[in-house]
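Engineer: Give me a model of this one.
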Amino acid sequence: MVRHLYQALWNGPHVRAAEKFERRHSANSLFGMAVSAFFLLWMLNFCLSNASVDIHFDLGEASVWAEQFAFGYKHPPMTAWLFILWFSVFPRADWAAYLLAVTTVTVTFAITWRLLRDYLQKESALTGIAALMVVPLFTFLASRLNANTVMMPFWAAAQLFYLRARRDLGIADAILAGAFVGLTFLGKYWAIYLAVGMAITSLIGSGTRSFWRSPVPYLMGLSASLVVAPHVYWFVTDRSQATQDFMEASVMVAQPFGTALIGSISYLAGSVAYIAVPLLYLIILRPTRAAVADILWPADRDRQQAHLLFLLPLVLPALANMVFPHRLTPLWTFPNWALLPVVLFGSPLITVHPVGAARAGLVALSVSAAAVLAAPYVAHLRVTSNAELHERHYRHVAEEVLRLSNSDQSIAGTREIVQGLFFYLPEARPIALPSSTDSTALAAVRANDMVIICSAADETCRSGSIAIEGPSAGSTNVTFRRSFLGFTSPPATYRFTVIRRQGPTGR
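Structural biologist: Numbering: from 1, shown residues only. Reported below is the predicted structural model:
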């Protein structure tokens with residue numbers, strides 16, 4: 001029975017129909033149809049699966065940054081800049097945020113497609129893009145804009161133009177390669193591994209001497225430097241203490257070598273786990289020993305460059321972690337995978353037949369469609385579980401802040417709820433809640449109109465709120481529930497304290 005089911009799914013009439021369809025259409029037409037279907041299905045998934053919760057707090061953080069243009073924030077500025085640009089066109093609504101997320105991935109696929117077509121024949125390129133469409137970093141995990149996802153299109157473009165510049169020594173390609181490396185760096189400092197990997201790659205392989213005797217590498221460096229110069233100047237002269245604190249507390253860690261080694265191995269293993277399906281596609285193709293050897297180290301110089309440019313930025317973080325221990329997670333590899341299909345399917349010793357490309361496309365389509373069908377159930381789980389207690393009530397709490405204070409305010413309180421409010425309160429500002437024993441900090445805080453929001457379980461927040469409260473303060477407890485398709489969430493209670501500015505400058 002299992003064998004018959006396998007035959008029906010793997011060699012059934014739908015596969016033959018897809019194969020005939022693939023043969024009748026050009027590669028670009030098929031890619032256009034595939035990426036359009038991806039865009040539509042994952043936009044539906046993002047909206048439906050998140051229908052019972054509010055927008056992720058990463059968007060709240062970006063909203064705070066975007067209220068004041070700068071060349072740097074806690075992260076480099078690209079996330080805030082893109083947020084400003086996008087929401088100057090679209091309303092500040094949840095659906096617009098999900099549209100931004102799926103557009104970012106779709107643009108990444110469009111750039112990746114051009115990259116793949118420089119190396120792969122029609123069927124291999126289609127299989128490669130279909131393989132990426134089932135990698136979780138391009139789907140389930142990409143539902144929000146943050147410093148990781150914002151790098152994706154710029155990283156792919158930097159690789160595209162570097163490889164073209166290396167091959168053809170084109171001036172325009174060199175300038176664009178450097179510019180996109182710089183733009184990737186403005187997304188997140190993770191791009192330093194792309195820059196270092198690109199520099200090492202440029203020193204290896206045949207053609208290196210002619211490359212370095214041309215103006216190409218110098219134009220790359222110049223254009224990258226010009227793009228990042230304003231941010232570097234900001235970092236040297238004007239970065240805030242918050243940036244320094246974030247780097248020290250959230251990135252750099254003190255670890256013995258053994259712990260760092262385990263962390264690096266875990267990072268590499270997790271990264272490989274993300275691409276399990278593309279690796280399975282390669283196994284299904286049953287490459288010969290010669291093909292495997294050619295995958296591990298290609299015979300032709302162009303693929304050698306692509307191989308190094310893929311591998312080095314992926315491996316360098318693990319090596320750096322053993323010298324300078326830092327927080328390292330495979331979740332940061334969002335932008336690293338554009339060249340994966342070239343590495344896996346680029347060998348001339350591997351042949352992808354039209355039926356193979358058709359099967360890969362059907363798998364990608366089935367996964368995307370299944371994700372849409374499952375999305376309401378995911379939303380049901382998110383509204384009924386205790387795992388996302390605060391995420392369900394960002395909008396409710398923001399509306400209550402406006403009702404109680406009649407305006408946007410400085411906001412302090414329980415971090416898990418406060419961090420998600422600013423997408424819905426674009427003119428509000430976060431403010432740290434001082435210790436109840438720090439009289440100087442308490443006096444400084446009392447000089448602001450503010451709202452303190454404490455969850456029912458946050459005693460530290462409640463103690464700080466009580467210490468700040470003066471005769472003009474008023475507190476109230478509000479309980480929220482959220483419903484979705486007739487299901488109701490567990491109650492969540494918050495204590496709101498409205499504080500009016502005290503002293504001679506008060507209103």
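Engineer: I figured residue 420 hits residue 390, correct?
Structural biologist: Yes. Contact criterion Cβ atoms under 8 Å: residue 420 and residue 390 qualify, at 6.8 Å. (Glycine included, C-beta is placed from N, CA and C.)
Engineer: So for the two, which residue has more residues nearby?
Structural biologist: Neighbours were counted for residue 420 and for residue 390 using other Cβ atoms under 10 Å; residue 420 has more, 26 against 20.
Engineer: and the more buried one, which of the three is it?
Structural biologist: coil (DSSP: H, G, I helix; E, B strand; the rest coil).
Engineer: Tell me how far it lies from residue 150.
Structural biologist: Per Cβ to Cβ, to the nearest Å, residue 420 is found 19 Å from residue 150.
Engineer: next one: residue 111
Structural biologist: When residue 111 is compared with residue 150 (using Cβ to Cβ), they lie 14 Å apart.
Engineer: what's the answer for residue 233, then?
Structural biologist: Distance, residue 233 to residue 150, using Cβ to Cβ: 21 Å.
Engineer: which of these two has more neighbours?
Structural biologist: Between residue 233 and residue 150, counted using other Cβ under 10 Å, residue 150 has the larger neighbour count: 28 against 12.
Engineer: thinking the more buried one is in contact with residue 191, fair?
Structural biologist: No. Here residue 150 lies out of contact with residue 191, judged by Cβ under 8 Å, at a distance of 10.5 Å.
Engineer: in the helix or strand hosting residue 356, what counts as buried?
Structural biologist: For residue 356, the host element (DSSP states H and E) is helix 354-384. Buried positions in helix 354-384, judged by neighbour count with 16 or more other Cβ atoms under 10 Å: 354-365, 367-368, 371-372, 375, 378-380, 382-383.
Engineer: Tell me who's in contact with residue 391.
Structural biologist: With contact taken as Cβ atoms under 8 Å, 6 or more residues apart in numbering, residue 391 is in contact with 53-54, 56-57, 382, 420.
Engineer: can we see that at 6 Å?
Structural biologist: residue 53 (Cβ atoms under 6 Å, 6 or more residues apart in numbering).
Engineer: How is it assigned, secondary-structure-wise?
Structural biologist: Relying on three-state DSSP, one would call residue 391 coil.
Engineer: how near is it to residue 455?
Structural biologist: In terms of Cβ to Cβ, residue 391 sits 13 Å off from residue 455.
Engineer: helix or strand right after the helix or strand bottoming out on mean pLDDT in the chain?
Structural biologist: Taking mean pLDDT, DSSP states H and E as the measure, the helices and strands of the chain show their lowest mean at helix 241-246, namely a mean of 59. For helix 241-246, the following helix or strand on the C-terminal side (DSSP H and E) is helix 257-274.
Engineer: quick check, distance from that following helix to the centre of its chain.
Structural biologist: From the chain centre to the centre of helix 257-274 is a distance of 20 Å (Cα atoms, centre = their mean, to the nearest Å).
Engineer: how about the strands in the stretch 201-350 of the chain?
Structural biologist: Ranges of strands in the stretch 201-350 of the chain, per DSSP state E, counting those that start in this stretch: none exist.
Engineer: could you pull out the helices for it?
Structural biologist: Using DSSP state H, counting those that start in this stretch, the helices of the stretch 201-350 of the chain run over 208-213, 216-237, 241-246, 257-274, 276-284, 289-296, 301-323, 340-345.
Engineer: Can you tell me which of those helices is packed in deepest?
Structural biologist: For these, average neighbour numbers computed from mean count of other Cβ atoms under 10 Å are highest in helix 340-345, which has a mean of 25.
Engineer: With just CA atoms, put that helix into CSV.
Structural biologist: Written as CSV, here are the backbone C-alpha positions of helix 340-345 (Å, rounded to 0.1, in the frame of the first residue of the first chain):
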residue,chain,number,x,y,z
LEU,A,340,23.1,26.9,-2.2
PRO,A,341,21.5,25.7,-5.5
VAL,A,342,24.7,26.5,-7.4
VAL,A,343,26.7,24.5,-4.9
LEU,A,344,24.3,21.5,-4.9
PHE,A,345,23.1,21.4,-8.6
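Engineer: what packs against that helix?
Structural biologist: helix 122-132, helix 301-323 (3 or more Cβ pairs under 6 Å, 6 or more residues apart in numbering; DSSP states H and E).
Engineer: contacts for it?
Structural biologist: Residues external to helix 340-345 that are found in contact with it (Cβ under 6 Å, 6+ apart): 116, 119, 124, 128, 278, 282, 306-307, 310.
Engineer: again, 8 Å this time
Structural biologist: Identification of contacts with helix 340-345 by Cβ under 8 Å, 6+ apart yields 115-116, 119-120, 124-125, 127-129, 131-132, 275, 278-279, 281-282, 285, 295, 303, 306-307, 310-311, 352.
Engineer: Tell me which residue lies nearest the centroid of this structure.
Structural biologist: residue 149 (2.4 Å; Cα atoms, centre = their mean).
Engineer: Could you report the pLDDT at that one?
Structural biologist: Confidence at residue 149, expressed as pLDDT, is 97.
Engineer: check which helix or strand covers the residue lying closest to residue 365 once chain neighbours are set aside.
Structural biologist: With Cβ to Cβ, 6 or more residues apart in numbering as the criterion, residue 365 has its nearest non-adjacent residue at 6.4 Å, and that residue is residue 37. Secondary structure from DSSP H and E places residue 37 in helix 27-49.
Engineer: Please identify the buried residues of that helix?
Structural biologist: Applying 16+ other Cβ under 10 Å to helix 27-49 flags 27, 30-31, 34-35, 37-39, 41-49 as buried.
Engineer: just the angle between that helix and helix 354-384, please?
Structural biologist: Here helix 27-49 runs at an angle of 10 degrees relative to helix 354-384 (axes from the mean of the first three to the mean of the last three Cα atoms, to 10 degrees).
Engineer: helix or strand right after helix 27-49?
Structural biologist: helix 57-66.
Engineer: Which elements pack onto that next one?
Structural biologist: Counting contacts by 3 or more Cβ pairs under 8 Å, 6 or more residues apart in numbering; DSSP states H and E, helix 57-66 is packed against helix 78-87.
Engineer: any idea of the mean pLDDT for the helix it packs on?
Structural biologist: 96.
Engineer: Packing partners of it?
Structural biologist: Under the contact criterion of 3+ Cβ pairs under 8 Å, 6+ apart, helix 78-87 touches helix 57-66, helix 94-117.
Engineer: What residues does the nearest residue to residue 270 once chain neighbours are set aside make contact with?
Structural biologist: Excluding the flanking residues, the one nearest residue 270 by Cβ to Cβ, 6+ apart is residue 330, at 3.3 Å. By Cβ under 8 Å, 6+ apart, the contact set of residue 330 is 267-271, 273-274.
Engineer: Now with 7 Å, please.
Structural biologist: 267, 270-271, 274 (Cβ atoms under 7 Å, 6 or more residues apart in numbering).
Engineer: Show me how this protein divides into domains.
Structural biologist: Domain assignment for the chain by automatic domain parsing gives 37-155+248-339+352-376, 394-499.
Engineer: Distance to residue 16 added to those domains, as JSON lines?
Structural biologist: Converted to JSON lines, the domains of the chain look like this (distance: least, Cβ to Cβ, whole Å):
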{"stretch": "domain 37-155+248-339+352-376", "distance to residue 16": "8"}
{"stretch": "domain 394-499", "distance to residue 16": "39"}
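Engineer: looking at the ones you listed, which is closest to residue 346?
Structural biologist: domain 37-155+248-339+352-376 (5.1 Å; Cβ to Cβ).
Engineer: Backbone dihedrals for residue 202, please?
Structural biologist: Torsion angles at residue 202 (phi, psi; degrees, to the nearest 10) stand at phi -70, psi -10.
Engineer: Check the contact between it and residue 214; I expect there is one.
Structural biologist: No. At 11.2 Å, residue 202 does not count as touching residue 214 under the criterion of Cβ atoms under 7 Å.
Engineer: ok, these two, which is more surrounded?
Structural biologist: For residue 202 versus residue 214, the count of surrounding residues by other Cβ under 10 Å is larger for residue 202: 21 against 16.
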